Each structure stands twice: as C-alpha cells, then as structure tokens.
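# missing the sequence, but the structure's below:
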C-alpha cells in the first residue's frame, strides 16, 4: 500500500518571491531591450542615461583653499543672454572683490553637450575669480533639446553682452579670454574661430560678438577639435554625444561637420592658445593635433602635456592630484602674460 503523501516541499513557500523576482528581472530586461530598440531610431534614451551619469558626480574636486577663494569673490550674479535665431541663454558672473577693471574669462562648461551647467564648474570659477578675473560662466542650452549651432550662437551672443555690460560688473571689455573644458572646449575653440575667421562667421550667419583685437587668448582643457579623427579616440559615449549635438547619427558625415573642426577653422589670426589634456585621456591626440595645427599657422601656443602620469579626462579639475594644481598655475601664468 503506497505511503500517504505528506505536505508539499517547503521550497514552495519561496515560489511567490521567486515569481516576483522573475517578473522584476523580466521587466528590467524588456525595458532595456525596448530602450535599445528605441535608441536605433532616437538619441533620447542614450542621451538621458549619459546626462544622469554626468549629473551624479561633482564636476570639480575642490582644493583645500576653496573657501578662501569664495570669500574673495562677490555673490555670483545671473545675467540674461538674448540670442538671435536661437533660444535665449544666461550666464553666471563671478566678480572679484578687489578693485578692477579685471580681465574677463568667458568659460564654457563640459558635459558631452548633453549635461552640465555653470554649477558643474562653480568651484573652478570661484578659484579663477579669486585670482583677479571676472568669470562669465555660460549656461547654454543642452542637446538634444537644442542642437548645433545653438550653443555657438549663444556663446557669440554672450560675447556681445560682455562687450555691452561687463564694465558695470567690474570687467574690462578690451581684455577677453575664451575658455572651456571637454565639450565646452570644443565650443569655445569654435567660438574663437568665429571671431577670427570671417568665412566661418559667414557660414554660420554670425557677426562676431567681440572685435578680434579684444579677444586676447583661449584656454582649452581636454576638448575635441578634429571630427575627421575623433572617432578613432574611442571616447566612451562619443556616438551618443555627437548624435545628440549634431542631430545626425552619422555625425562625421553631417553637412556642417567641418565647421566643428577647429583644426580646419583656425587661421593665422587665431588668438594665443593654452592647451592641456591628461595622458590617459582618449582626447589626448585631439589636443596634440590642434597644437600642431596652430603652431603650423604661427599662432602662439602653450601646452601642458603629460607622460606616464596616467591622468584621466578632466584631470585639471581633480585638485586632489598635484598635476591639477600645476595645470591651474600654468593657466594663471598664461593669462597673466596675455591679459596683464
């Protein structure tokens, strides 16, 4: 006679939990597949993920003396930037408490064109302002909500506002410097070309925002300057960044791609330039290419390149590294030589 069956195995008690876990995993997988499928026709999912990644961390690892720097600078002011043929922008102005007028640095933040704001580089802006520079930190419209050439138009409009209003904020409109980091370095480098290359300005339908003789210098940190060789750098997320910014999935073939290559657009009239990049940064070759192009055209060019230091992208903002302090000191020396 068969033995009577007892209660079911105890493992069954865990099956509801397993079913819930299975449903959750399935939802994640399906969601990822749907996002991947959508990414084949739209840049939005990838841009949103990269924006969240950028926004999750600080843009600058501040040095120990950042509080003293803040005390030497007046409360930042936000200034509107009316922009013809593009959305209006704004800028945050950091004014030294010391007596001016001070040279002006228009800074363009990084973030792969899809992320960032003046807040991302706020500590850097305070540091620079505390050394006697009126810093105008551009808050341009991000991609993919706004695409090229919107940030260039907004930057050019910001230069015009600097010419009109900076004297009332303690700045000297005759001593202007353009600067930027990462994607902002690309925008700043192109803006400098707009001011000094009439053909590029005509192609963009822009009147230069500042007379060329008032644009004293350019400071470029770890940017991208040659679209012909950019893909070979293997920079993470590059496909999404450039697709979002240009509106072309095959961004290297965009009809205006050559406009974004400062290696092509810089002329002999390009302002004196300071370039730095980390030796472990995929964009190292881009800075070296631009330096070579500028030197070939007779543009005064200073560089700070590294060998064997294993410095990552945006190393110059990691003030827990001694190399960042050296880069900042070199930047100050360059600015003093060009604006002092």
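Nice, I can see it. Because the structure is a prediction, the values reported are computed rather than measured.
# so what's the spatially closest residue to residue 287 that is not a sequence neighbour up against?
Take residue 287 and drop its neighbours on the chain: the residue closest to it by C-beta to C-beta, 6 or more residues apart in numbering is residue 277, 4.1 Å away. C-beta here means a position set from N, CA and C on the backbone, and glycine is covered the same way. By C-beta atoms under 8 Å, 6 or more residues apart in numbering, the contact list for residue 277 reads 221, 222, 283, 284, 286, 287, 288, 305.
# and the second one, how many neighbours?
Spelled out, it's residue 222. 28 (other C-beta atoms under 10 Å).
# for it, which non-adjacent residue is spatially closest?
The shortest distance from residue 222 to any non-neighbouring residue, by C-beta to C-beta, 6+ apart, is to residue 277 (4.5 Å).
# which pLDDT does the model give residue 133?
At residue 133, the predicted lDDT confidence score is 98.
# give me the beta-bridge partners of the nearest residue to it once chain neighbours are set aside?
Distances taken as C-beta to C-beta, 6+ apart place residue 105 nearest to residue 133, at 5.0 Å, with adjacent residues excluded. Per DSSP bridges, residues listed as beta-bridge partners of residue 105: residue 135, residue 177.
# in the stretch 1-150 of the chain, which spans are helices?
15-39, 44-55, 66-71, 122-130, 150-165 (DSSP state H, counting those that start in this stretch).
# residues contacting the fourth one, please?
If you take C-beta under 8 Å, 6+ apart as the criterion, helix 122-130 is touched by 59-60, 62-63, 66, 68-70, 72-73, 76, 92, 94-96, 105, 107, 118, 135, 137, 317, 328.
# which of those count as buried?
Neighbour counting over these (16 or more other C-beta atoms under 10 Å) leaves 59-60, 62-63, 66, 69-70, 72-73, 76, 92, 94-96, 105, 107, 118, 135, 137, 317, 328 as the buried ones.
# filter the residues you listed down to the ones in strands?
Those of these mapping onto strands are 92, 94, 105, 107, 135, 137, per DSSP state E.
# show me what contacts the last one?
Read it as residue 137. Counting by C-beta under 8 Å, 6+ apart, residue 137 makes contact with 91, 92, 93, 94, 107, 109, 118, 121, 122, 125.
# for those residues, give me a markdown table that also has distance to residue 173 and pLDDT.
Below are the contacts of residue 137 laid out as a markdown table (distance: C-beta to C-beta, whole Å; pLDDT from 0 to 100):
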| residue | distance to residue 173 | pLDDT |
| --- | --- | --- |
| 91 | 15 | 98 |
| 92 | 18 | 98 |
| 93 | 13 | 98 |
| 94 | 17 | 98 |
| 107 | 17 | 98 |
| 109 | 22 | 97 |
| 118 | 21 | 97 |
| 121 | 23 | 95 |
| 122 | 24 | 95 |
| 125 | 19 | 97 |
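# distance to residue 271 added to those residues, as CSV?
Formatted as CSV, the contacts of residue 137 follow (distance: C-beta to C-beta, whole Å):
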residue, distance to residue 271
91, 20
92, 23
93, 21
94, 22
107, 15
109, 20
118, 23
121, 21
122, 26
125, 21
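# what is the nearest of these to residue 226?
Nearest to residue 226, judged by C-beta to C-beta, of the contacts of residue 137 is residue 109 at 21.4 Å.
# nearest to residue 212, of the ones in strands among the buried ones among the contacts of helix 122-130?
Of all these, the one with the least separation from residue 212 (C-beta to C-beta) is residue 105, at 17.3 Å.
# would you agree that closest one is in contact with residue 179?
Yes - the criterion here is C-beta atoms under 8 Å, and residue 105 meets it with residue 179 at 5.5 Å.
# where do the contact lists of these two overlap?
Both residue 105 and residue 179 are in contact with residue 219, where contact means C-beta under 8 Å, 6+ apart.
# tally of neighbours for residue 49?
15.
# residue 110 versus that one, what's the distance?
Separation of residue 49 from residue 110 (C-beta to C-beta, to the nearest Å): 17 Å.
# next: residue 274.
Distance, residue 274 to residue 110, using C-beta to C-beta: 16 Å.
# pull the contacting residues for residue 223.
Here residue 223 is in contact with 180-186, 188-189, 283, 286-287, 290 (C-beta under 8 Å, 6+ apart).
# pLDDT at it, what is it?
pLDDT, residue 223: 98.
# quick one: contacts for the closest residue in space to residue 233 that isn't next to it in sequence?
Leaving aside its sequence neighbours, residue 233 sits nearest to residue 282 (C-beta to C-beta, 6+ apart; 4.3 Å). The contact partners of residue 282, taken as C-beta under 8 Å, 6+ apart, are 233, 234, 235, 236, 313.
# with residue 178 instead?
105, 106, 108, 188, 191, 192, 215, 217, 218, 219, 271.
# out of the residues you listed, give me the one that has the most neighbours.
Highest neighbour count within the contacts of residue 178, by other C-beta under 10 Å: residue 108, with 33 neighbours.
# for it, list the residues it contacts.
Residue 108 makes contact with 138, 140, 151, 155, 178-181, 184-185, 187-188, 191, according to C-beta under 8 Å, 6+ apart.
# what is the nearest of those residues to residue 246?
residue 151 (11.7 Å).
# relative to residue 170, how far out is the closest one?
26 Å.
# okay, those two: which has more neighbours?
Using other C-beta under 10 Å, the more surrounded residue of residue 151 and residue 170 is residue 151, with 28 against 18.
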